[in-house]
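Asker: Please work out how this folds:
(one chain, ligands or ions: 1)
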Amino acid sequence: MKLSLSNGIFSKLCIDGNFAAVKQLGFHDIEFNMKSIKKEHDTDVYREQKALTASGLNCLTLHSAVLHVKDPIEVHQAVYYGKISLECARALHAPLMTVHSNVSKKLPRNVRDECLAEVFGQIKPFAKKLDIKLSLENLSFNSTGFGKNVGQLEEVLGIIDPESEMGITFDLCHALETKVVDELLDNFGRRICNVHMANRSHQPFTEKKPELTHFLSALHEYGYEGPITLELEHRTSMEDIAKTKAFFDKLLKEY
Ligand SMILES: [Zn+2]
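Answerer: Numbers count the residues shown, from 1 in each chain. Here you go, the predicted model:
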């Protein structure tokens, strides 16, 4: 397993400052979160590409910009977010992009399913063309989006991924908050290809809590060797991020 940091935590900094902060903490691998980009300027991807190359950091995964569509009229915007995120993933040489379902949990099922089919009907072929794997993230109960447990994720995947080609981004914080860690592991353990790592409320783990070691052991049993992406609350101090990194550097050697 490979320790990585979501740079979304530094999204308020300019991109050079963002990467500099990641490097200052000693990370080599990142998940690039599209929060760090201004969506008004598509050509920003060239700036991010230059900054990443200059930093020497490695972009393992990219977190897509997301719109939880609450009316079908917004589908085109969700598609735009997905596609510009894929463009950025290509520019940063990220082989994997984490996505949400892109639909609001408030939509009635028939409308939700229509919107899912439309959004992913456009994003998927584009991802395929760019050779970027898509990975669906489980959401928390307080998200506006749909997809927090096995039943909901299966409904989504049944529509957007009947071929079972997509991966799963397992967000441990969301799974703990929604109390679905084991059901998600049992059903999707073999499909996990990215992990968002944090305790409840995106607080950092800095010691061996039973829920953490239980989760890592299960991942290990499924043969997981992918990223462990620290996705921390944006007010987490540099000192606490450094402490978390030191803790995981040591802990991950056990798996
Ligand atoms: Zn997450």
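Asker: now the least confident helix or strand in the chain by mean pLDDT, how far from the centre of its chain.
Answerer: Counting by mean pLDDT, DSSP states H and E, the chain has its least confident helix or strand at helix 44-55, which shows a mean of 94. Put simply, helix 44-55 sits 20 Å off its chain's centre (C-alpha atoms, centre = their mean, to the nearest Å).
Asker: Can you name the residues in contact with that helix?
Answerer: By C-beta atoms under 8 Å, 6 or more residues apart in numbering, the residues outside helix 44-55 that reach it are 15-16, 19-20, 22-23, 32, 36-38, 59, 84, 87-88, 91-92. All C-beta spots, glycine's among them, are computed from the backbone N, C-alpha and C.
Asker: and the very next helix or strand once past it with the ion, contact?
Answerer: Moving toward the C-terminus from helix 44-55, the next helix or strand (DSSP states H and E) is strand 58-63. No - applying C-beta under 5 Å from the ion, one finds strand 58-63 out of contact with the ion, separated by at least 7.4 Å.
Asker: Strand 58-63 pairs with which strands, and in what direction?
Answerer: Take DSSP bridges as the rule and strand 58-63 pairs in its sheet with strand 29-33 (parallel), strand 96-99 (parallel).
Asker: Run the chain-centre distance for the shortest one.
Answerer: Using C-alpha atoms, centre = their mean, the distance from the centre of strand 96-99 to the centre of the chain it belongs to is 6 Å.
Asker: ok, and what's touching the helix or strand that comes right after that strand?
Answerer: Remark: after strand 96-99, the chain's next helix or strand is helix 109-130, criterion DSSP H and E. Residues from elsewhere that reach helix 109-130 (C-beta under 8 Å, 6+ apart): 69, 72, 75, 78-79, 82-83, 86-87, 89-90, 97, 99, 101-104, 107, 133-134, 146, 155-156, 159-161.
Asker: Phi and psi next, for Thr43.
Answerer: Dihedral pair for Thr43: phi -70, psi -10, per degrees, to the nearest 10.
Asker: Now for the residue in the stretch 1-150 of the chain positioned nearest to the ion: which residues touch it?
Answerer: Nearest to the ion in the stretch 1-150 of the chain, going by C-beta to the ion, is Glu137, at a distance of 5.5 Å. Taking C-beta under 8 Å, 6+ apart, we find Glu137 in contact with 98-100, 147, 168-171, 174, 196.
Asker: picking that back up, any idea which of the strands paired with strand 58-63 is most buried?
Answerer: Stretch with highest mean neighbour count among the strands paired with strand 58-63: strand 96-99 (a mean of 26; mean count of other C-beta atoms under 10 Å).
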